[in-house]
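Trainee: Structure of the sequence below:
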Amino acid sequence: MRINRRDFVKLTTAAAATIAAVPAFGGLGKAFANTAEERAMQLSPKWTKQTTSVCAFCSVGCGLLVNTDLKTKRAVNVEGNPDHPINEGSLCAKGASSIQMTENPDRPGKYLYRAPFSDQWEEKDWDFCKKRIARLIKKSRDESFEKKNAKGQVVNRTMGIASLGSAALDNEECYAMHSFMRSIGLVYVEHQARI
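Mentor: From the prediction side, this is the model:
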């Protein structure tokens, strides 16, 4: 039996519709409708707080609506903001999955660290990493800090550290990071959206 592409699409569409309607499969269409209703109930203002944000994946700046559970203070849903002038409620595949940046059980909780001149990796927790990063920033800043330039003008800067922002940060996080970097004297502050 020879079958062309158009007939194949017709057959698979008919088969999928038949399977979805068969009660033995639980009436998949009805199951999806119930799931949507339950989801809408979970996003009710009684259980969540809705705030606006900006997608962090690229420099387009699509608007997001983020629902946060009032009890756990964790994001439970992220969707496009229909009132935003850039995306008008639509999101690309990355933006639609942006909740996984914070609410993902598969994210690692431990990190690998290799001491200087060692050939072995060790598992370390996040507290160790934060303290080590802070120590190294302070050391680099202290070693490269300039109070005055060659003309004798007060500059209070460090030329030994640079900051390159991330596409995985929203506007608020970029503002906080930029403020912190400027407060410790960084001159070279950049963001991937400008590069």
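Trainee: Please give me every residue in contact with Cys174.
Mentor: By C-beta atoms under 8 Å, 6 or more residues apart in numbering, Cys174 lies in contact with 165, 191. Where C-beta positions appear, they are placed from N, C-alpha and C, glycine not excepted.
Trainee: Would you agree it falls within a helix?
Mentor: Yes - assignment of Cys174 by DSSP: H, G, I helix; E, B strand; the rest coil places it within a helix.
Trainee: how close does it get to Glu123?
Mentor: For Cys174, the distance to Glu123 (C-beta to C-beta, to the nearest Å) stands at 31 Å.
Trainee: by contact count, what packs against the host helix or strand of Arg132?
Mentor: Secondary structure assigned from DSSP states H and E places Arg132 in helix 126-144. The contact analysis (3 or more C-beta pairs under 8 Å, 6 or more residues apart in numbering; DSSP states H and E) places helix 126-144 against strand 110-113, strand 154-165.
Trainee: gap between the longest one and the chain center?
Mentor: Counting by C-alpha atoms, centre = their mean, to the nearest Å, strand 154-165 is centred 26 Å from the centre of its parent chain.
Trainee: Listing partners with orientation, what would you give for it?
Mentor: Sheet pairing of strand 154-165 (DSSP bridges) gives strand 145-148 (antiparallel), strand 186-191 (parallel).
Trainee: Out of those, which one sits most buried?
Mentor: strand 186-191 (a mean of 15; mean count of other C-beta atoms under 10 Å).
Trainee: Using PDB, write down the CA coordinates of that strand.
Mentor: Only the C-alpha atoms of strand 186-191 are listed here, as PDB (Å, rounded to 0.1, in the frame of the first residue of the first chain):
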ATOM      1  CA  LEU A 186      34.300  48.300  39.400                       C
ATOM      2  CA  VAL A 187      34.700  50.300  36.200                       C
ATOM      3  CA  TYR A 188      34.300  47.400  33.700                       C
ATOM      4  CA  VAL A 189      30.600  46.500  34.000                       C
ATOM      5  CA  GLU A 190      28.900  45.000  31.000                       C
ATOM      6  CA  HIS A 191      25.900  42.900  30.000                       C
END
